[in-house]
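quick one, fold the following:
(chains A and B)
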There are 2 protein chains.
Amino acid sequence: MTDSGALTTITEHAGKDAFVSLDAWWRAATYLSVGQIYLRDNPLLRRPLEPEHIKPRLLGHFGTVPGLTLLYAHLNRVIAERGTEMLFIAGPGHGGPAMNAVSWLEGTWSATYPDMPRSEDGMRELFSRFSAPGGIPSHTSPHVPGSIQEGGELGYSLVHAYGAALDDPDLVVACVIGDGEAETAALSASWQSAAFLDPRTDGAVLPILHLNGWKIDNPTVMDRMPEQQLRDLVSGHGHDPIIVDLRDATDPIEIHSVMAHAMDRAFDLIAQIQRRARSAGGSESEQAPRWPMIVLRSRKGWTGPEEVDGEPVEGTWRSHQVPLEDVASSPDRLAQLERWLRSYRPDELFDERGVPTREVRDLVPEPMGATMSGTSRANGGLRRRDLVTPELAGEAVENVDRASNESATTVFGEWLGELVRANPRDLRIFAADELRSNRLAQGVLPATPKQWNQQQRGVDEDLASRGRVMEVLSEHLCQGWLEGYVLTGRHGLFTSYEAFVHVVDSMFNQYAKWLEAAATYPWRAELASFTYLLSSHVWRQDHNGFTHQDPGFLDLAARKSSDIVRLSLPPDANTLLVTMERAFTEPGRINVVVAGKQPEKQWFSLDAARRVVADGAGILPGAADAANGTDGDHDPDVVLACSGDVPTQEADAARELVLELAPSLRIRVVTVIDLLRLRAGEPQSLDDEAFATLFGEGVPIVFAFHGYPHLIKELLFDLPVTAGVSVRGYQERGSTTTPFDMLLQNEIDRFTLAADVLNRCRMDEDERAEALAVLANRREQAANHLHRFGVDDPALA
Amino acid sequence: MTDSGALTTITEHAGKDAFVSLDAWWRAATYLSVGQIYLRDNPLLRRPLEPEHIKPRLLGHFGTVPGLTLLYAHLNRVIAERGTEMLFIAGPGHGGPAMNAVSWLEGTWSATYPDMPRSEDGMRELFSRFSAPGGIPSHTSPHVPGSIQEGGELGYSLVHAYGAALDDPDLVVACVIGDGEAETAALSASWQSAAFLDPRTDGAVLPILHLNGWKIDNPTVMDRMPEQQLRDLVSGHGHDPIIVDLRDATDPIEIHSVMAHAMDRAFDLIAQIQRRARSAGGSESEQAPRWPMIVLRSRKGWTGPEEVDGEPVEGTWRSHQVPLEDVASSPDRLAQLERWLRSYRPDELFDERGVPTREVRDLVPEPMGATMSGTSRANGGLRRRDLVTPELAGEAVENVDRASNESATTVFGEWLGELVRANPRDLRIFAADELRSNRLAQGVLPATPKQWNQQQRGVDEDLASRGRVMEVLSEHLCQGWLEGYVLTGRHGLFTSYEAFVHVVDSMFNQYAKWLEAAATYPWRAELASFTYLLSSHVWRQDHNGFTHQDPGFLDLAARKSSDIVRLSLPPDANTLLVTMERAFTEPGRINVVVAGKQPEKQWFSLDAARRVVADGAGILPGAADAANGTDGDHDPDVVLACSGDVPTQEADAARELVLELAPSLRIRVVTVIDLLRLRAGEPQSLDDEAFATLFGEGVPIVFAFHGYPHLIKELLFDLPVTAGVSVRGYQERGSTTTPFDMLLQNEIDRFTLAADVLNRCRMDEDERAEALAVLANRREQAANHLHRFGVDDPALA
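Just a heads-up that it's a prediction; the model follows:
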């Protein structure tokens, strides 16, 4: 029962026809879900059920289905009555059969997959392919029209919902959260999102917590809370709770009446909040409104078998997946399944051709784009608009030489500010309280404030109820908001400390899998790229130390195909600018960009930066084979490869040391920006000729890498590297110390690199020994200086 | 003010002496914190402050310090008055100076680091080394006596606190949560922990939410909530809120009176809950008790500079790190710093030798083991007891041949049940609702129920208010609880689906960093190993599909040294048993064990399993070089290496295919269990001789790997592998399909492996072509069978 007092009858909300339609629609969607789990033939049950109609392997999750279909039906009524633009997010996405079913009922399934028409044949095909090898996945995934939400790893529904609602004032996102999902960390943090939503310029989110009481094998924390604690919790999350308890409800009139009442109240409240905010003449609200939220209590596996072999199934964890097993081999079970299926009265729901009857179709919004399964918001690429990109020349560093000293992220931040000004409606920046620390604030905050819809105080700076920047101390929220924003057709950037982006490793993986899977469905239009800018990186955690030193996100991302993922390590400001311009214009990817924030030497003019970023790697300007300029004529004696801003500086310094100590050697510094182009056998790979042009043939390589050296080893494994290679990178050493000491401790400093070069060259042994001794001596001097003074020699940094 | 009504005076709670002592102690600890940030000399300020007393680089975080020191002082009063056994967890661990300071005041610092005695010299040394290169880290880390909590990545304080409290009924864990940290996902989920705590047999946790209002650069969500919403939220998390607002407090009597009152109330409530639960004669409680929780509102940077250059600092984000910069170069700033330091009246706090005065020392609990910085619970290795381990022989598989068919995790589960029975007080198992799915429930649940302290219902099974298993749908909680449990001297296992353990990548990294750093402090005693058992792995996600297929946690873990991390892929039940026995007896590591749960072929007898697990790799029994048994006499023609249960089965099948098609070839199957022993240059590495014995010299290798092939490539990069190597593994292909189709799609099936072998052998070209054609044909037949029938040919699986 809702908590609003007296039970009103359905006719007060929706009229008799609406009730008939609601109930027919609910039964139809649930029937279609059960059919997917069990049937490979006789889909309309016009014949008695026989063992050969049963699928050879029973797979799928029924437990959550009836709640999902009930909610979807009632949201359809709201669309019909109010014309609301709605997006549906199914947190319990393992209820895949339900999402396939509703889309089939609405005709979007057949429009998307013409080989599965809205007919008996199409129904049989849907049933047969569901959860069959190579067929339709059992979880919600990119195959489902209307879905932006994976049903595999749980926890991301609510944060996706808020990402989708941003900057879309006409949209209401109905987000069903499973009570299992509600225990995850990501979901637990997502409740904070309401504090950021602007009721004037953003859409609304209606969270619907679906308490059916059980996970796979355990009760859920929220279901077993005392009722008052649950109310307090919902209120504490800033919501006005509407609690609907249908656990004991059996009468369809009662069920639909109560549910319709709750929906009406929720959508009335949303409308009221928006009307007030939007009519206030644009003034800032004092405090986030208390958005409504529905808590639906219902039996897990509702409408399914109550008992099987004397054990309770409906209302318990036993209904989580397939409530009734061994159906084909047991006549009793087969009969029980048939009773169950017929309890939905399929004859009333589908005509003899398998087409949904008028009662069912009455609840399907029109046109198709108004349905939740047909909305273009769930196929955001269709709505994606190219960004207006300001000229890079306005912000590029003009003096590029070894004497220049610029912070790459600061330079980029200035351009980003311009980008924000040029795209005020569909571009956002997300950060976990690190915008300023990553040195983007200086350029960005003059262009836009940070969005914050809680109380503001006089001392605050750069906060407003609307703005293009969102900061919260949760990488999960930053990642999830941006996913939801991009999935619905917009653009954005997530900037993080390099070490802490590991917090969302798993979200990265799942999002990459979404893109990989989506690419196999041609009807899914390409999204804008999801871009990470990682700074405050491993080499510059001077005062934060060991916990903040972790370059391993690159390794994680490198597990995915370079069709999807780009790993970029621009060594200076102009290469960063060009890299980011591409990130904001090239669709369909995940860009992981690692860049320095400290003032550093600059190497590439804007033109040179455009060339080297396009090529993916290139010779460092001024660091070609020898001081006497024999570039390209011969292979060098050694290639000093590097990737990352700090390694590039050390490699260049190592080259100078080598040329000083052994002037006849030909040393080339090659900086690798687009890391995965090193990996052989993928469409983006450097071809053999390009590789030979940069790295020579049979030339030893000394590689200084920003991250763990392992990553370079796996990339080079399949490359034609015939002479020796030594790879240096981060070795998990160092803590609170100076930048140069970090290099010394991890043995990636200029002296060590120069020694590597000398050890790999063919040269006179005495000369080599002498040069190595000089290097060792200078390295020790540098280390001693450091230990004596606790600061880096300015000549080193 | 507390919310309990009238303000009572300090004397009612603690007496005048206690007030003097509290205030002196608070000032002393805060003074020592400021000193660490600023001073390299003149630590007692007995001379006027000069620029040369100032450190060359000012690093550290002050904002959170005064709140931490105030709380610590008042917890000390509770210890003094009640004799409570207490552990302190500092969520805002970047307030490192505070934690160093309190430990210095209590004498544990000097006992741990005799070169920093509790004297002026020791104080100077502490100040100088803090946040200096190679010195004392600026965040709480293993260097701090009394800490089990890193201060780097935020979010884990509360879950650690609950892990520490389990099975320690005399302990109260006081857990300070920063309001920045409170926004993280992990912390947001951690509130659920209270629902699992048994008031009879577990200790208590006192969460203290420290609202100082600001993160680095932004206000915090919880600070800006309306007061009623905050109360609802705390109540919704199941706590009785005690709200202390000291933002406007300036009078020390008022401050300490209010704080002491709140502490007394919290500890009274804890005592009351425990007394009631423990006197109830052991009956199950109906519902989790409402534990108290303190919310402390105070000004960020409290007692620091109110303004700097006309801008407010105290009470704003500007006090987050160093409130007053450029001190050495500006006489005005220097004077302001001196006023600030003298405001703590150091002359009253330390005698002329730098020893804390009696007023300060009065608040130090005695003996040292009773202090929060000296408790052995924060150096859990001291309390660690060896587990009683049942004989493996009781559970081991006896018939090991190709006809046997056993589920490895089920067999292990039986032994784990015995292990639980033998160790009822200090061993726990954590799972994200996956114990049964990973097939451990059958063995474990007869030995112990699942712990659950919320409402129970008649339909529940295997739940009780105390039990050795904890299940919640949050990998963060499983990981964090077990961390807290192990860090305080106990043992445990976290079992997860392989794909979803990525959710805690970042926690794994931080925990590994803790172990790496702790190993450099000899006074830190070795902890029990933290063990993951990952099952429901990438190759057997038949009905869950693409989102559930991810073997990349191995790659993440491989970034750490094999001194810390063991990656184990036992191919059958007996090797899993031996691997897990070692995991539970060998201390100090993180074990990542990947094992199959499906019934599979068995290879190793228990004795053979002991040998191969000890060696790290070995020849698969019955799969030595040739059918005619020439083992070891000659190098084989090809080594078919494998790692993981499914690859081992495929490699063995490939060997049989090759021997059928080319009977003269000598093929050896080597299964690698301890993966990181392949990596060169570490203490655990296989030496060259061991490598040559297994892999021959100059013998081509065909490697079938459980995970991404990249990992094998990086491991082999530095090994003496001179002949060709081909590596196969998971290629991100496949979704809802059969197990064998997964192998086909990822090209790691027996036919492909056999073809790889043939392609690497020296053999007659016609013979090779003919054999390859046969393989291609059989592969196609298998695929067709699959597509026709939608099930694997039993002969293949």
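
all helices in the stretch 451-600 of chain A, in order from the N-terminus.
A:475-487, A:505-518, A:553-557, A:573-585 (DSSP state H, counting those that start in this stretch).

if I read this right, A:Asn662 contacts A:Ala771, doesn't it?
Just so we're on the same page, residue A:662 is Ala rather than Asn. Yes - using Cβ atoms under 8 Å, A:Ala662 is in contact with A:Ala771, at 5.6 Å. Glycine gets a C-beta too; all of them are placed from N, C-alpha and C.

quick one: common contacting residues for those two?
When Cβ atoms under 8 Å, 6 or more residues apart in numbering or on different chains defines a contact, the residues bordering A:Ala662 and A:Ala771 alike are A:Leu758.

looking at these two, which is more packed in?
Per other Cβ atoms under 10 Å in any protein chain shown, whichever of A:Ala662 and A:Ala771 has more neighbours is A:Ala771, with 23 against 20.

in a helix, the more buried one, correct?
Yes - applying DSSP: H, G, I helix; E, B strand; the rest coil, one finds A:Ala771 inside a helix.

find the nearest non-adjacent residue to it, please.
Excluding the flanking residues, the one nearest A:Ala771 by Cβ to Cβ, 6 or more residues apart in numbering or on different chains is A:Leu661, at 4.0 Å.

any idea how far that neighbour lies from A:Asn784?
When distance is defined by Cβ to Cβ, to the nearest Å, A:Leu661 is 20 Å away from A:Asn784.

more neighbours, the two?
Neighbours were counted for A:Leu661 and for A:Asn784 using other Cβ under 10 Å; A:Leu661 has more, 20 against 10.

distance check, that one against A:Val638.
13 Å.

skipping its backbone neighbours, what lies nearest A:Ala378 in space?
Leaving aside its chain neighbours, A:Ala378 sits nearest to A:Gly146 (4.8 Å; criterion: Cβ to Cβ, 6+ apart).

ok, now A:Ala161?
Nearest to A:Ala161 is A:Cys175, by Cβ to Cβ, 6+ apart, at 3.8 Å.

circling back: can you check the pLDDT for the residue nearest to A:Ala771?
On pLDDT, A:Leu661 comes in at 96.

that one and A:Ala654: what is the separation?
Separation of A:Leu661 from A:Ala654 (Cβ to Cβ): 11 Å.

what touches both of these two?
Joint contacts of A:Leu661 and A:Ala654 (Cβ under 8 Å, 6+ apart) are A:Ala754.

any weak-confidence spans in the stretch 601-750 of chain A?
Scanning the stretch 601-750 of chain A with the threshold set as pLDDT under 70 gives A:625-633.

list phi and psi for the one residue in the stretch 251-400 of chain A that gets nearest to chain B.
Closest residue of the stretch 251-400 of chain A to chain B, Cβ to the nearest Cβ: A:Thr316 (5.3 Å). When read as degrees, to the nearest 10, the backbone of A:Thr316 gives phi -140, psi 170.

pull the number of nearby residues for the residue nearest to A:Ala161.
A:Cys175 has 26 neighbours, counted by other Cβ under 10 Å.

please apply the same query to A:Glu780.
Residues lying near A:Glu780 (other Cβ under 10 Å) number 12.

got it, and the one 3 residues further on?
Neighbourhood size, A:Ala783 [other Cβ under 10 Å]: 16.

near chain B, which residues of the stretch 601-750 of chain A are found?
Residues of the stretch 601-750 of chain A found near chain B (Cβ under 8 Å from any Cβ of the partner chain) are A:708, A:710-711, A:713-714, A:716-718, A:732, A:735-738, A:741.

change it to 10 Å
Neighbours of chain B within the stretch 601-750 of chain A, by Cβ under 10 Å from any Cβ of the partner chain: A:679, A:707-718, A:725-727, A:730-742, A:745.

next step: those restricted to strands.
A:Val725, A:Ser726, A:Val727 (DSSP state E).

on that earlier part again, wouldn't the residue nearest to A:Ala378 be in contact with A:Gly107 here?
No - the pair A:Gly146 / A:Gly107 is not scored as a contact, 11.7 Å apart, by Cβ atoms under 10 Å.

so those two - more neighbours on which side?
A:Gly146 (26 against 21).

does the more buried one count as helix, strand or coil?
Put simply, A:Gly146 is coil when judged by three-state DSSP.

what residues are up against it?
Applying Cβ atoms under 10 Å, 6 or more residues apart in numbering or on different chains, we find A:Gly146 in contact with A:72, A:87-90, A:99, A:102-103, A:106, A:108-109, A:112, A:140, A:371-375, A:377-379.

give me the neighbour count for the residue in the stretch 101-250 of chain A that chain B sits nearest to.
Here the stretch 101-250 of chain A gets closest to chain B at one residue, A:Gly152, 2.3 Å apart by Cβ to the nearest Cβ. Residues lying near A:Gly152 (other Cβ under 10 Å) number 26.

before we move on, back to that, the residue nearest to A:Ala161 bridge partners, please.
A:Ile89, A:Pro207 (DSSP bridges).

can I assume it is in contact with A:Trp191?
No - the criterion here is Cβ under 10 Å, and A:Cys175 misses it with A:Trp191 at 11.4 Å.

okay, and the common contacts of A:Leu661 and A:Val638?
A:Val757, A:Leu758.

now do the same end-to-end measure for stretch A:452-461.
Stretch A:452-461 has an end-to-end distance of 11 Å (criterion: Cα to Cα, to the nearest Å).

name the nearest residue to A:Pro289, sequence neighbours excluded.
A:Ile273 (4.5 Å).

can you give me the domain assignment for chain A?
As given by automatic domain parsing, the domain ranges for chain A are A:10-377, A:406-600, A:617-789.

out of these, which one sits most buried?
Highest mean neighbour count among those (mean count of other Cβ atoms under 10 Å in any protein chain shown): domain A:406-600, with a mean of 23.

re earlier: so which of the contacts of A:Gly146 sit within strands?
A:Leu87, A:Phe88, A:Ile89, A:Ala90.

hmm, the first one is touching A:Val172, no?
By that I understand A:Leu87. Yes - taking contacts as Cβ under 10 Å, A:Leu87 lies within contact range of A:Val172: 7.7 Å.

give me the common contacts of these two.
Here A:Leu87 and A:Val172 have A:Ala161, A:Ala165, A:Gly203, A:Val205 as joint contacts, going by Cβ under 10 Å, 6+ apart.

farthest-apart pair in those residues, please.
Across those, the longest distance by Cβ to Cβ is 9.5 Å; it joins A:Ala161 and A:Gly203.

now the common contact residues for the two.
In contact with both A:Ala161 and A:Gly203: A:Leu87, A:Val172, A:Val173, using Cβ under 10 Å, 6+ apart.
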